[in-house]
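*Asks:* Just need the structure, nothing else, for what follows:
(chains A and B)
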Protein chains: 2
Amino acid sequence: MEQPAKGIIHTIPPRSGTSFPLSIGELLTVTDPEGQQVSDLLSFSRSDLREVLSNGRTLDYAIYLSTGDPLYSNRSNIMLSIVEDTCGKNDFLLTPCSKEMFRIIYGHDQPHRGCFGNLAEAVQPWGITEDAIPVAFNCFMNVPIDGTTGEIKVLTPTSRAGDYIKFRAEMDLVVAMTACSAGQSNGGTFKPIQYRIDGP
Amino acid sequence: MEQPAKGIIHTIPPRSGTSFPLSIGELLTVTDPEGQQVSDLLSFSRSDLREVLSNGRTLDYAIYLSTGDPLYSNRSNIMLSIVEDTCGKNDFLLTPCSKEMFRIIYGHDQPHRGCFGNLAEAVQPWGITEDAIPVAFNCFMNVPIDGTTGEIKVLTPTSRAGDYIKFRAEMDLVVAMTACSAGQSNGGTFKPIQYRIDGP
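*Replies:* This next block holds a predicted model:
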């Protein structure tokens, strides 16, 4: 649970996850090195881990989530701000892929544990339980909504190799991130995700 | 925390909330008696209150939420099924209105505690804390989405006097409900909500 070295690139292998502390004012850059790969991102307040990222709170205040937008906690405090976003398409509606989802949607008999299992393992050393995992902010996830029918589609990400999204921590956080494990979300292949911490 | 009498109509006064047990197989009918009034609805598993309603899980499996659709928990179990819905427009994106929201969005100096405060008080006797309150299923809430821009609007409900939505409990639950307190969500006036429990 040490903070990863600053200013260098760290790699999350395909279909896996990690967690690390991120302190107020630090910048976190999440990069899709090969293109078309999603990363599910969670944050928890280090001063009280029950304060977590909340899609419902965030959608209340900011709707189209890209450069300039804040990500709120369940206590209506800003946890992260998006300071740069070269892809522009992210999702904050859908929950991390999980073994239950692979069973129900994909019909897998022996399902992968998915981002949910990877996030659960990544946050377990912090004493955070599975039930405390909220909807993640899904970097590069391409989820268009049909405004008329309400239909939500999961399409291949529009991110190209090298696209990135940069966050600033607005409080001291535990951050957990994955390289997403769901075929449909990632154009059918499983690729790594890279991240870097800088500043403040 | 007794179960309300079955087969008769109970009224939730304007800008207030309540909670009650609802057992597997029972039917819960939520009625908008005057029209254009939202009710925020939560559910928790009675066998383990950490199992709660999850919009992220639900949107994974069912998208357009009306008659026939299941509402999932954070553990991917079905908590409630919608068996009838005469209005057809409900929301499962936006978090309950709260004093923070009235302060940030409405600019109120002395904000009402909103559905969040009403739900928190309603579930407190069960030992459920504020941080454990998820995004509610917002009966009759009219939240159209612009599929191109991603813009979400909160419009006056389309519900007319007497419109109702009927749920079947798929496990033993604690249910909490409000008559919503936000002007914008309710066409500018605060009206009661009614409910009835039947069966199984």
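
*Asks:* List the beta-bridge partners for the closest residue in space to residue A:84 that isn't next to it in sequence.
*Replies:* Of all residues not flanking residue A:84 in the chain, residue A:166 sits nearest, at 4.1 Å (CB to CB, 6 or more residues apart in numbering or on different chains). Any C-beta I mention is one placed from the backbone N, CA and C, and that applies to glycine too. Per DSSP bridges, the residues bridged to residue A:166 are residue A:29, residue A:84.

*Asks:* What of residue A:41?
*Replies:* residue A:137, residue A:177.

*Asks:* which bits of chain A sit near chain B?
*Replies:* Counting by CB under 8 Å from any CB of the partner chain, chain A comes close to chain B at A:50-52, A:54-57, A:59-61, A:63-65, A:74-76, A:93-96, A:98, A:100-101, A:104-105, A:129, A:131, A:133-135, A:144-152.

*Asks:* and these, which are buried?
*Replies:* By neighbour count, with 16 or more other CB atoms under 10 Å in any protein chain shown, the residues of chain A next to chain B hold A:51-52, A:54-57, A:59-61, A:63, A:65, A:74-76, A:93-96, A:98, A:100-101, A:104, A:133-135, A:145, A:147, A:150, A:152 as buried.

*Asks:* For stretch A:20-35, list every residue counted as buried.
*Replies:* Buried, per 16+ other CB under 10 Å, within stretch A:20-35: A:20-22, A:26-35.

*Asks:* Tell me who's in contact with the spatially most central residue of chain A.
*Replies:* Central residue of chain A (CA atoms, centre = their mean): residue A:41, 2.0 Å from the mean position. By CB atoms under 8 Å, 6 or more residues apart in numbering or on different chains, the residues touching residue A:41 are A:30, A:136, A:137, A:138, A:139, A:175, A:176, A:177.

*Asks:* Tell me which residue of chain A is furthest from the middle?
*Replies:* Quick read of chain A (CA atoms, centre = their mean): farthest out is residue A:148, 27.6 Å.

*Asks:* Roughly how far does that one sit from residue B:139?
*Replies:* Here the distance between residue A:148 and residue B:139 works out to 21 Å (CB to CB, to the nearest Å).

*Asks:* sorry, back to before: which residue sits closest to the residue farthest from the centre of chain A, ignoring its sequence neighbours?
*Replies:* Closest residue to residue A:148 apart from its sequence neighbours, by CB to CB, 6+ apart: residue B:147 at 7.6 Å.

*Asks:* ok, that neighbour touching residue A:143?
*Replies:* No. The criterion here is CB atoms under 8 Å, and residue B:147 misses it with residue A:143 at 10.7 Å.

*Asks:* Pull up the overlap in contacts between these two.
*Replies:* Counting by CB under 8 Å, 6+ apart, residue B:147 and residue A:143 have no contacts in common.

*Asks:* Any idea which helix or strand in chain A has the lowest mean pLDDT?
*Replies:* Every helix and strand of chain A was ranked by mean pLDDT, DSSP states H and E. The lowest is helix A:55-61, at a mean of 78.

*Asks:* Please save the CA atoms from that helix in PDB.
*Replies:* Presented in PDB, the C-alpha positions along helix A:55-61 are these (Å, rounded to 0.1, in the frame of the first residue of the first chain):
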ATOM      1  CA  ASN A  55     -22.200   8.400  -9.600                       C
ATOM      2  CA  GLY A  56     -25.600   9.600  -8.300                       C
ATOM      3  CA  ARG A  57     -24.200  12.600  -6.500                       C
ATOM      4  CA  THR A  58     -21.900  13.400  -9.500                       C
ATOM      5  CA  LEU A  59     -24.700  13.300 -12.100                       C
ATOM      6  CA  ASP A  60     -26.700  15.700  -9.900                       C
ATOM      7  CA  TYR A  61     -24.100  18.400 -10.400                       C
END
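
*Asks:* Please give the centre-to-centre distance between it and its chain.
*Replies:* Centroid separation between helix A:55-61 and its chain, computed with CA atoms, centre = their mean, to the nearest Å, is 16 Å.

*Asks:* now swap in stretch A:104-116 and tell me
*Replies:* The answer for stretch A:104-116 is 19 Å, by CA atoms, centre = their mean.

*Asks:* What does residue A:43 show for phi and psi?
*Replies:* Backbone torsions for residue A:43, taken as degrees, to the nearest 10, come to phi -140, psi 150.

*Asks:* returning to what we had before: can you list contacts of the helix or strand following the least confident helix or strand of chain A?
*Replies:* On the C-terminal side of helix A:55-61, the nearest following helix or strand under DSSP states H and E is strand A:70-72. Contacts to strand A:70-72, defined as CB under 8 Å, 6+ apart, come from residues A:43, A:53-54, A:57-58, A:60-62, A:65, A:78-82, A:92, A:137, A:167, A:170.

*Asks:* tell me which residues in strand A:70-72 are buried?
*Replies:* In strand A:70-72, counting by 16+ other CB under 10 Å, buried: A:70, A:71, A:72.

*Asks:* can you put those in a markdown table and add pLDDT and distance to residue B:3?
*Replies:* Listed next are those as a markdown table, based on pLDDT from 0 to 100; distance: CB to CB, whole Å:
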| residue | pLDDT | distance to residue B:3 |
| --- | --- | --- |
| A:70 | 92 | 42 |
| A:71 | 93 | 39 |
| A:72 | 92 | 35 |
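
*Asks:* Verify the contact between residue A:164 and residue A:32 for me.
*Replies:* Yes. The pair residue A:164 / residue A:32 is scored as a contact, 7.1 Å apart, by CB under 8 Å.

*Asks:* can you list residues touching both of these two?
*Replies:* By CB under 8 Å, 6+ apart, residue A:164 and residue A:32 have these common neighbours: residue A:87.

*Asks:* Give me the residues contacting the least confident helix or strand of chain A.
*Replies:* Helix A:55-61 is contacted by residues A:65, A:69-74, A:76, A:92-93, A:134-135, A:137, B:55-56, B:93-96, B:101, B:104-105, B:134-135, B:152 when judged by CB under 8 Å, 6+ apart.

*Asks:* what do you get for stretch A:146-161?
*Replies:* With CB under 8 Å, 6+ apart, stretch A:146-161 has contacts from A:32-38, A:87-89, A:93-94, A:140-145, A:182, A:184-188, B:59, B:63-65, B:144-148.
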